[in-house]
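Q: Next come a sequence and a model predicted from it.
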Amino acid sequence: MISLNKKRDVFILWFIKRHTKREVSRVLNISRGSVDKIINECQQRINELNLRFEADLLSYIDEIVVAPSMQRKRKPYKLNEETISFIKELVINNEKLTRIDSEDAMSTKELFEFFRKQKKEKPNLITDFSLDNFYKQVKKIKNEIHDKGI
């Protein structure tokens, strides 16, 4: 998320100092797509405020550049010890199967699907997290295995 100060900087560089989008992007170290979105937001606010083209836009900066009305709140995943130990057990068993080149060895995605199905048998498992988070847990466990051994 881009800070309000960066949005103000984009506004000043684009509307007041008349830099190109590429220059604004380079100076502020943000993508041109983000610069474009900020400029579009500012233009929309200028139209909503009915400002004329000869108006001093710098004096209206606080009304034009505003913080987003909706704030995203992410809920962090807090895994309990039972869930972590179960994932660890799954990964270790899978690594053993992989080493002997067994057909029962699963990919990480298949492990995740198998893990999700275990919720019925083990109600204390926390399974409502993303595949990406599962990949991170598996990678951490595999790194432990490679450092210390099984």
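A: Cool, got the structure.
Q: Could you grab the helix/strand/coil label for Met106?
A: coil (DSSP: H, G, I helix; E, B strand; the rest coil).
Q: State the helix or strand in which the nearest residue to it once chain neighbours are set aside lies.
A: Of all residues not flanking Met106 in the chain, Asn94 sits nearest, at 5.8 Å (Cβ to Cβ, 6 or more residues apart in numbering). Just so you know, the C-beta spots here come from the backbone N, C-alpha and C atoms, and that holds for glycine as well. For Asn94, the host element (DSSP states H and E) is helix 81-99.
Q: Quick check: buried residues in stretch 138-150?
A: 138, 141 (16 or more other Cβ atoms under 10 Å).
Q: do the same with stretch 125-133
A: 125, 129.
Q: do stretch 114-124 as well
A: Across stretch 114-124, burial judged by 16+ other Cβ under 10 Å covers Phe115.
Q: Quick check: end-to-end length of that stretch?
A: 16 Å (Cα to Cα, to the nearest Å).
Q: before we move on, the earlier item: mind saving the C-alpha coords of the helix holding Asn94 as CSV?
A: Only the C-alpha atoms of helix 81-99 are listed here, as CSV (Å, rounded to 0.1, in the frame of the first residue of the first chain):
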residue,chain,number,x,y,z
GLU,A,81,1.6,-26.7,18.1
GLU,A,82,-0.6,-29.7,17.2
THR,A,83,-1.0,-28.4,13.6
ILE,A,84,2.8,-27.7,13.2
SER,A,85,3.7,-31.1,14.5
PHE,A,86,1.2,-32.8,12.2
ILE,A,87,2.6,-31.0,9.2
LYS,A,88,6.1,-31.9,10.3
GLU,A,89,5.1,-35.6,10.6
LEU,A,90,3.5,-35.5,7.1
VAL,A,91,6.6,-33.9,5.6
ILE,A,92,9.1,-36.3,7.2
ASN,A,93,7.1,-39.3,6.1
ASN,A,94,6.8,-37.9,2.6
GLU,A,95,10.6,-37.2,2.5
LYS,A,96,11.2,-40.8,3.5
LEU,A,97,8.9,-42.1,0.7
THR,A,98,10.7,-39.7,-1.7
ARG,A,99,14.1,-41.0,-0.8
